[in-house]
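J.: Generate coordinates for the sequence data below:
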Amino acid sequence: MSLEILKSAWKVIPMFQSRSISLTVKFYTEKLGFELASVKPEDESSQATFCSLFIGKKADANFYFSRASNEDFNPSHAMIALGTRQLDEYYDYLGRLAGIEITEEIEDTPWGFRQFTIKDNDGNLLTFFKFLEGGNPGQE
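T.: So this is what the prediction gives:
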């Protein structure tokens, strides 16, 4: 059975947990270069419980974070595709920064990706990749 309505899907937004939204915002914006879309509540006198961060054109890679207690925290994992040249450039950039834990070095995989993985300040994993064949945005 084919559901035509599912062909209208146009974006996926992974939901991660964070032990501290303010530290998550700082790590993703200052270290990784993401942009902040929003923090809730907006009142700075209250402890933040949610944030939205993104990279890419039209926030193509968008992540939501919700605050979790240490007891309820579960790390997540997401994969982010980058352009052909940009993957290696970003890997080199992150490798020069203090406070970035690269958990898997850049490599070409048997399943056709060139990829590397980092761990954020809460233990969430981000794998950045490009396709080895078939083209990538930014390919020259």
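J.: CA only for contacts and neighbour counts going forward, please
T.: Fine.
J.: As a check, name the ranges of all helices in the protein.
T.: 21-26, 84-95 (DSSP state H).
J.: quick one: contacts of stretch 58-66?
T.: Contacts to stretch 58-66, defined as Cα atoms under 8 Å, 6 or more residues apart in numbering, come from residues 11-18, 21, 49-55, 80.
J.: tell me which residues in it are buried?
T.: Neighbour counts over stretch 58-66 (16 or more other Cα atoms under 10 Å) mark 61-66 as buried.
J.: and that stretch, C-alpha only, in PDB?
T.: Taking C-alpha atoms only, stretch 58-66 is exported to PDB below (Å, rounded to 0.1, in the frame of the first residue of the first chain):
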ATOM      1  CA  LYS A  58      16.300  27.700   5.600                       C
ATOM      2  CA  ALA A  59      17.400  25.900   8.800                       C
ATOM      3  CA  ASP A  60      17.700  22.600   6.900                       C
ATOM      4  CA  ALA A  61      19.400  21.000   9.900                       C
ATOM      5  CA  ASN A  62      17.200  22.100  12.900                       C
ATOM      6  CA  PHE A  63      17.400  20.600  16.400                       C
ATOM      7  CA  TYR A  64      15.100  21.000  19.300                       C
ATOM      8  CA  PHE A  65      16.400  20.500  22.900                       C
ATOM      9  CA  SER A  66      14.300  20.000  26.000                       C
END
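J.: Straight-line length of stretch 56-74, end to end?
T.: Using Cα to Cα, to the nearest Å, one end of stretch 56-74 lies 26 Å from the other.
J.: Stretch 13-33 too?
T.: 18 Å.
J.: can you tell me the average pLDDT over that stretch?
T.: The pLDDT scores in stretch 13-33 average 96.
J.: List the buried residues of that stretch.
T.: 16-22, 24-29, 31-32.
J.: just to revisit the earlier point, taking the buried residues of stretch 58-66, tell me the two that lie furthest apart.
T.: Spatial extent of these (Cα to Cα) is set by the pair 61 and 66 at 16.9 Å.
J.: for the most centrally placed residue in the chain, which residues make a bridge with it?
T.: Nearest residue to the geometric centre of the chain (Cα atoms, centre = their mean): residue 126, 5.3 Å. Beta-bridge pairing for residue 126 (DSSP bridges): residue 78, residue 118.
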